[in-house]
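Enquirer: give me a 3D structure for the following:
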Amino acid sequence: MFQRILVPFDFSPSSKAGFQFALRVADEAAHVHLVHVVDEAVPLPYAGAVQIGSLLTSAQEALAKVAAEPHGNVKLTHSVRSGWVWHSLLEEARTMHADAIVIGSHGRRGAMRFLLGSVAERLLKESEIPVVVVKEGPVGSGALRRVGLATDLTLASSPATETAREIARRNDATLEVIHVFEEPTDLPLASEMPQAQILESVEKLRRFRQERLGKLIADLMQVGIHVRESFPRGDAPERLALLAREHELDLLIMGTHARTGLEKFFSGSVAAHTVRLCGVPVLVVREHVQQMAAR
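Expert: Residues are numbered from 1 along each chain as shown. Presented below is the predicted three-dimensional model:
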């Protein structure tokens, strides 16, 4: 799945969950790089660190112990940096030519807000490579068996679809393709339309979306992917989080629109809300610049 994975690591249970999931999605003989960033303004959760020098030394020693543990054929490296956390992580990802970032999230507020909070949100906003957000708790082991693809059926979802197809193929996993139909609230002249006409317009849109979903599923089946279809109605983030839990997905994959630069991402977009609500790992794949230009 991924050959070069960057894993932000702050020694918390959530970062350990992120590390374990990174090992799960790493290719055979992949390179997994643990990186700890010392933010001079934030006290961090390991003993004996007071000055920045001792912070760096303590982190280096603690991270070396984690990296020394055997993990099959995976090449495991580590580094400790100081500076702005999200900026340092992106620099490290570029340096190692990472093809994914896997970050654990605990959502703490206040001084200990390292992962999901400002850092993970900033990574999702700025990263050009896929980012996996993993919640604290068991992440399973072995091949992925049930993978979800949340799609809005637009061109922007194509990179996420390609990623989901490859992950399902490599793991021989069932791919559940999900499109949540949210009834439109902005129909032109809706206030002047008879109720029956509004309902007819919504039903036409629903059928159109279901036909497009069916075509996508047919295309995936043609390349040998075992596919399940889900076409629920309702609020997309809530329905996605519910389906992920009820269907025991190992991973939910979704795209995001690069045209907005993700300015909307954390002000109420589907991807942001889904990441916050979903209890399973969520892989967010950004739209390619080439696709934006093709619009």
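
Enquirer: pull out the buried positions in stretch 90-99.
Expert: 90, 92-93, 96, 98-99 (16 or more other Cβ atoms under 10 Å). (C-beta placed from N, C-alpha, C; glycine too.)

Enquirer: which one of these sits closest to Leu240?
Expert: Nearest to Leu240 among these, counting by Cβ to Cβ, is Asp99 at 24.5 Å.

Enquirer: now the buried residues of stretch 90-99 in a markdown table, with secondary structure?
Expert: Listed next are these as a markdown table, based on DSSP: H, G, I helix; E, B strand; the rest coil:
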| residue | secondary structure |
| --- | --- |
| Leu90 | helix |
| Glu92 | helix |
| Ala93 | helix |
| Met96 | coil |
| Ala98 | coil |
| Asp99 | coil |
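
Enquirer: now for the longest strand seen in the chain, which elements pack on it?
Expert: Selection of the longest strand in the chain by residue count, based on DSSP state E, yields strand 26-38. Contact here means 3 or more Cβ pairs under 8 Å, 6 or more residues apart in numbering; DSSP states H and E; on that basis strand 26-38 packs against strand 2-8, helix 13-25, helix 52-68, strand 75-82, helix 85-95.

Enquirer: go again using 6 Å as the cut-off
Expert: strand 2-8, helix 52-68, strand 75-82, helix 85-95 (3 or more Cβ pairs under 6 Å, 6 or more residues apart in numbering; DSSP states H and E).

Enquirer: deepest-packed of those, please.
Expert: strand 2-8 (a mean of 24; mean count of other Cβ atoms under 10 Å).

Enquirer: can you list the strands that it pairs with?
Expert: Here strand 2-8 has these sheet partners by DSSP bridges: strand 26-38 (parallel), strand 100-105 (parallel).

Enquirer: tell me which of the ones you listed sits most buried.
Expert: When the strands paired with strand 2-8 are compared using mean count of other Cβ under 10 Å, strand 100-105 is most buried, at a mean of 27.

Enquirer: quick one: it to chain centroid distance?
Expert: In this view, strand 100-105 has its centroid 8 Å away from the chain centroid, taken as Cα atoms, centre = their mean, to the nearest Å.

Enquirer: quick check: angle from that strand to helix 13-25?
Expert: Computed by axes from the mean of the first three to the mean of the last three Cα atoms, to 10 degrees, the angle separating strand 100-105 from helix 13-25 equals 150 degrees.

Enquirer: contacts for strand 100-105 next, please.
Expert: Residues outside strand 100-105 that contact it (Cβ atoms under 6 Å, 6 or more residues apart in numbering): 2, 5-8, 14-15, 17-18, 21-22, 93, 115-116, 120, 129-135.

Enquirer: apply 7 Å and report the result again.
Expert: By Cβ atoms under 7 Å, 6 or more residues apart in numbering, the residues outside strand 100-105 that reach it are 2, 5-8, 14-18, 21-22, 93, 115-116, 120, 123, 127, 129-136.

Enquirer: can I get it as CSV, trimmed to CA atoms?
Expert: Extracted in CSV, the C-alpha atoms of strand 100-105 (Å, rounded to 0.1, in the frame of the first residue of the first chain):
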residue,chain,number,x,y,z
ALA,A,100,1.7,8.9,3.4
ILE,A,101,1.5,10.4,6.8
VAL,A,102,-0.2,8.3,9.6
ILE,A,103,-1.1,10.3,12.7
GLY,A,104,-2.7,9.3,15.9
SER,A,105,-5.4,11.6,17.4
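
Enquirer: what mean pLDDT does the next helix or strand after it get?
Expert: Later in the chain than strand 100-105, the nearest helix or strand by DSSP states H and E is helix 118-126. Mean per-residue pLDDT for helix 118-126: 80.

Enquirer: please apply the same query to stretch 92-99.
Expert: 96.

Enquirer: do stretch 54-74 as well
Expert: 85.

Enquirer: centre of the chain to that stretch, how far?
Expert: Using Cα atoms, centre = their mean, the offset of stretch 54-74 from its chain centre is 25 Å.

Enquirer: how much space between the closest residue to Gly83 other than its chain neighbours and Val133?
Expert: Using Cβ to Cβ, 6 or more residues apart in numbering and skipping residues adjacent in sequence, the residue nearest Gly83 is Val37, 6.7 Å away. Here Val37 is placed at a distance of 17 Å from Val133 (Cβ to Cβ, to the nearest Å).
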